[in-house]
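Novice: missing the sequence, but the structure's below:
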């Protein structure tokens, strides 16, 4: 989608280049920006104090990036939630497992990465040791794309991929639809706040 593997003959089922991938990337990037704008606008409307609105907006941005899957990944949160559930805190465990769903950036990054890495059968990353005299030599480590997605807790995008529109991974379309729902919710929040909680001082 962003062309990370366009120059390597990796034999992916879906190319990361081309008009459909470029269109999806542009749509996803635009929707992610609009969602952030809508949520920040809703916070600005709800807060009477500009400083409080700025503080809450910054906290929203930090929260979205914290649970986007790169800093605190979904797989780790799921294991933590299972541990809490086994310890007797089922509600808290379910809350911890649901944290990535409350970050719109998780959906955007998953949409980008599932097309870049999800259908690559060949290794995406080859880790090779540099030849240093006197040091032991280890074989190269091959890291396939789906393993990277698994480690970060993102969807593979394999299921039913061949039948999706414009031959793009189904998981990417699901993430795009989720971003649309985030945008609708943000715009609806702005409208409701303006309609019922803001009055003309004149």
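Specialist: Looks like it arrived, so ask away. Keep in mind that this is a model prediction, so the values were computed, not measured.
Novice: next structured bit after the least confident helix or strand in the chain by mean pLDDT?
Specialist: When the helices and strands of the chain are scored by mean pLDDT, DSSP states H and E, strand 123-127 comes last with a mean of 53. Heading C-terminal from strand 123-127, the first helix or strand you meet, by DSSP states H and E, is strand 141-144.
Novice: In its sheet, which strands sit next to that following strand, and in what direction?
Specialist: strand 123-127 (antiparallel) (DSSP bridges).
Novice: count of residues packed around residue 196?
Specialist: 8 (other Cβ atoms under 10 Å). C-beta: built from backbone N, CA, C; applies to glycine.
Novice: Distance of it relative to residue 62?
Specialist: 29 Å (Cβ to Cβ, to the nearest Å).
Novice: before we move on, what about residue 74?
Specialist: Distance from residue 74 to residue 62, by Cβ to Cβ: 18 Å.
Novice: more crowded one of the two?
Specialist: residue 74 (21 against 11).
Novice: Which residue comes closest to the more buried one once chain neighbours are left out?
Specialist: Leaving aside its sequence neighbours, residue 74 sits nearest to residue 153 (Cβ to Cβ, 6 or more residues apart in numbering; 2.6 Å).
Novice: Tell me which residue lies nearest the centroid of this protein.
Specialist: residue 106 (2.3 Å; Cα atoms, centre = their mean).
Novice: Next up, the contacts around that residue.
Specialist: 67, 68, 69, 74, 100 (Cβ atoms under 8 Å, 6 or more residues apart in numbering).
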